[in-house]
Structures are given as structure tokens and as C-alpha cells.
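Colleague: Following is a predicted model, sequence given first.
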Amino acid sequence: MGRLDGKVAVITGGASGMGEATAKLFVSQGARVVIGDLQEDKGHAVAASIGPECRFVRADVASSEDVQGLIGEAVNTWGKLDVMYNNAGIGGGEGSIMDCTEEVFDRIIAVDLKGVWLGMKHALPQMLKSGGGSIITTASVSAYMGMMGQGAYGSAKGGVVQLTRVCAVEYASQGIRANCICPGGTLTPILYENPHAPMPVTREEMEERLKYVQPIPRAGLPEDIANAALWLASDESSFVTGQSIIVDGGWMASARQPWGQMQAAAANGSSGAQAAR
């Protein structure tokens, strides 16, 4: 038996990274999944690779109409919604508070915070119809740490943590749980395929750099986040709500330098990064 047998889930940002890993894991554990993303080619390819229990819908999470359509696909196809995983997010290239443009700020907030609110808003009625469900959101350790160049991103993720608490309190008596996951240095395309990065970096180079961010000496992997999401989606976490589950290899537990400084040290070679620890 799978840990999600009979459950129907929607995962935003499901065409790559944490969302893709979670979609694969959920289906392997018995769930039927609809993934939403703006990356159409990748989204269709991921769904096809997973099989008939996974479908793809093009969706911009900042659009109420798109989010409704995404959830509607799950309900119309499989009759209900048990799990809503608000995973889609953007970041990078915003610069300092003074340098960040209003356009960039607004788009980050629209995707990373409003998109989560829309996911909750449109998932809740469907979950209430079937007597409950689990809402999961990808936040970040940036919600708790003042990181340079993350004024919009960190604010959005901090908002996600608080929105999660409010949702948990408002709907706990009706069988709905809401929790978020706060990843640390995790190896996803947003880091090594970021068009806003000052210098291009390969996946292998980023994986090496991420070894020096946290006490556990390896990069976080999308599968690490997927495993946390699986637990939150399953009945095993039935008494857990309103929580921020930090999955960061011990980063926040340690007296480490900020992300930017660690990245710079790692870029100078492993000896320099070790000395910066």
C-alpha cells in the first residue's frame, strides 16, 4: 500500500526541481496528481514520464483564473482534491532595496505570496466538500534570515509562513491542515539556470558550492523536500498544522555567514570556503 493511496493532489511549479520530484514521489505512493507550471514543454514531458496518474496544466499561479482551472482539472478528472502543494516560486535579480524595481518587486510578491493565497483560496472550497485536506507550501529559510538582495523574496516567504498559520487556525476544525516547508541550500534550476545570476554557473558547480552552506556537507536535493511534502500530505502528520518545517541541513542551527558571503567563498575554491565556515 502507498502512503497516499486514493488521494488527489495539485502541485504548482511541477515541471522541474522540487515540484517535479514531489509529483514523482506522490504518484509512486498512490496519489493522482495534476501539476501546473508555465514551462509547457517541460510540464508535458514530466507528466508523460510519470504516467496516466499525472496530468499537466499550463498555469500562472499569480492568475486567479489559472489557479481555478488547475484545481478544476483535478476535481473534474478525479472527483476531489485532498492535497494542494503551493510550490511555484521565483526569485533572483532583484538587487538591493534601492535597486529593485517596482515591476520586479510586484512580480515576486504576485507569484511567491499572492500565488499561495490564490492556491489556498481556491483549494479550500473543494477540500471542505470532501471533509478536509492538506495544504502545503514551499517557503524558505529566507523567511527567517535577513539575506542581502532578497527584500522582495524574503518578504514574500515571510508572508507565506504567516499565511500558513492563519489558514491553519481558520480551518483546523473543518479537517484542513496547512503547513509550509522552508528549504535551505537546495540544488534546483532556480539556482543554476537563473538568467539573473551575475555569472553563469553549472549544476555541478552549484552542487559543489552548496556543500559549504550548512553543517551537513552536501547540497540539499529536491528529493529532500519531496520527502517532507510526502509526510505532510499523508495521514501520518494528521496532528500537525500551522508549522514551518525547516529542511536546511542544519543551516539555521549554525552560526554561518550569510548566503552571499558563503557563495563568494565557495567560488574561490573549497579551501577558501572551508576557512569561511
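Modeller: Great, that's in hand. Residues are numbered from 1 along each chain as shown.

Colleague: Could you check stretch 139-158 and say which residues are buried?
Modeller: 139-145, 149-158 (16 or more other CB atoms under 10 Å). Glycine gets a C-beta too; all of them are placed from N, C-alpha and C.

Colleague: Now do the residue nearest to Asn194 when sequence neighbours are not counted: how many residues are near it, please.
Modeller: Closest residue to Asn194 apart from its sequence neighbours, by CB to CB, 6 or more residues apart in numbering: Gly92 at 4.7 Å. Using other CB atoms under 10 Å, the number of residues around Gly92 comes to 17.

Colleague: And the pLDDT at Gly92?
Modeller: On pLDDT, Gly92 comes in at 81.

Colleague: Now it: phi and psi?
Modeller: phi 100, psi 150 (degrees, to the nearest 10).

Colleague: my guess is it contacts Ile190, does it?
Modeller: Yes - applying CB atoms under 8 Å as the test, Gly92 and Ile190 come out as touching, 7.0 Å apart.

Colleague: got a list of contacts for whichever strand or helix holds Phe105?
Modeller: Applying DSSP states H and E as the criterion places Phe105 in helix 102-109. Under the contact criterion CB atoms under 8 Å, 6 or more residues apart in numbering, helix 102-109 has outside partners 62, 90-91, 93-94, 151-153, 155-156.

Colleague: again, only this time at 7 Å
Modeller: With CB atoms under 7 Å, 6 or more residues apart in numbering as the test, helix 102-109 has contacts from 90-91, 93-94, 152-153, 156.

Colleague: Sort out which one of those lies nearest Gly30 for me.
Modeller: Proximity of those to Gly30 (CB to CB) peaks at Ile90, which lies at 31.0 Å.

Colleague: nearest spatial neighbour of Leu221, skipping sequence neighbours?
Modeller: Leu187 (5.9 Å).
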